[in-house]
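**Student:** predicted model and sequence follow; I will ask about them next.
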Amino acid sequence: MQKKVTKAIFPVAGLGTRFLPATKSVPKEIMTLVDRPLIQYAIDEAREAGIKEFIFVTARGKGALEDYFDRAPQLEQELKSKNKTELLDVLKSTYMDSGAIAYIRQHQALGLGHAVRCAHRLVANEPFAVILPDDVIASETGCLKQMVDAYAETGGCMVAAMEVAQADTSAYGVLDVKEDIGSLVSVRGMVEKPSANEAPSNLAVIGRYILTPDVLKNLRKQTAGAAGEIQLTDSIAAEIDQGREIYGYRFAGQRYDCGSKMGFLQATVAFGLARDDLGDEFRVYLEEMVASRKAAQ
Ligand code: UTP
């Protein structure tokens, strides 16, 4: 029986340069798909997976993110007095238990691995999850819950995995597959951002991880890797050299790379269409817009 995963790290200290100028003053994680910030999707997924402690690795300029989780008494009072119970429920669904959130600063954006390392004292000696909020995954059962269920059987370290086009491997950590057993693959190695002809497979690592405290030990020794950054994948791969098991988990669901403009636009359309209150009207609008553009060509 594996130790339960109850802590999750949310690395949100990146500069978000692909969304300039917006990210000059708005943290990327506060940007909304329809009406919910990216971070809310990540929190909901973590809660569904049984996470009780939420550790944010933040940086200068991310104050709006911390404010987002505060209670809003004035707004609450206003909604109550106007009897807007549905909106009140929406507001309350964002509240977190006192003491459930911790914020740690990453003083320099030295890479994802470094951001995770910054949280090592709060994780102590337990397995923990890492969630990148800019990878948004639409699925019936949350991606992290799927992984936590699989991890209960396997232990070790587990990374979310997805097939990508061979030409795109240089944007991802890529798995060197030892054995493919359906949704689970056991891993022989991991390479960060390989070129298409050097990639050991087209199975890419996506922003959900379940990691052992040993990875934190590796991270403390880790030097800069691909792109001059301290890479989380390198410290996970070191586990294999130390004789421990790593698994890739092919999750069921659609992943959107909301750290890129194209991914964000695609997610906006998909989440808009999926909404009961907006979907039908939005679909008609999109169809008419596409038809009128075609007609004008
Ligand atoms: P990205 O590679 O998307 O980098 O980080 P970024 O800085 O957020 O965005 P761009 O590339 O400049 O547009 C992936 C995840 O790792 C976190 C980010 O916040 C994001 O969740 N990260 C990255 C850190 O927390 N610290 C870092 O030093 C780097």
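**Tutor:** Sure, I can see it. Numbering: from 1, shown residues only.
**Student:** can you classify the residue of the chain found nearest the ligand by secondary structure?
**Tutor:** For the chain, the residue closest to the ligand is G14, as judged by CB to the nearest ligand atom, at 2.2 Å. In this view, the C-beta of every residue, glycine as well, is placed from N, C-alpha and C. Following DSSP: H, G, I helix; E, B strand; the rest coil, G14 is assigned to coil.
**Student:** right, and it touches E29 too?
**Tutor:** No. In this structure, G14 is not within contact of E29 by CB atoms under 8 Å, at 9.2 Å.
**Student:** neighbour count for the two, which is higher?
**Tutor:** E29 (27 against 22; other CB atoms under 10 Å).
**Student:** got a list of contacts for the one helix or strand L144 maps to?
**Tutor:** Secondary-structure assignment from DSSP states H and E places L144 in helix 143-154. With CB atoms under 8 Å, 6 or more residues apart in numbering as the test, helix 143-154 has contacts from 1-2, 5, 8, 45-46, 48-51, 127, 129, 131, 137, 139, 158, 160, 183-184, 208, 210, 245, 247, 249, 251-253, 255.
**Student:** list the buried ones in that helix?
**Tutor:** For helix 143-154, a neighbour-count test (16 or more other CB atoms under 10 Å) marks 143-148, 150-151, 154 as buried.
**Student:** got the residues you listed as CSV, with pLDDT columns?
**Tutor:** Converted to CSV, those look like this (pLDDT from 0 to 100):
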residue, pLDDT
C143, 98
L144, 98
K145, 98
Q146, 97
M147, 97
V148, 96
A150, 95
Y151, 95
T154, 92
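**Student:** would a markdown table of those residues with distance to the ligand be doable?
**Tutor:** Formatted as a markdown table, these follow (distance: CB to the nearest ligand atom, whole Å):
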| residue | distance to the ligand |
| --- | --- |
| C143 | 15 |
| L144 | 15 |
| K145 | 20 |
| Q146 | 20 |
| M147 | 18 |
| V148 | 20 |
| A150 | 23 |
| Y151 | 22 |
| T154 | 25 |
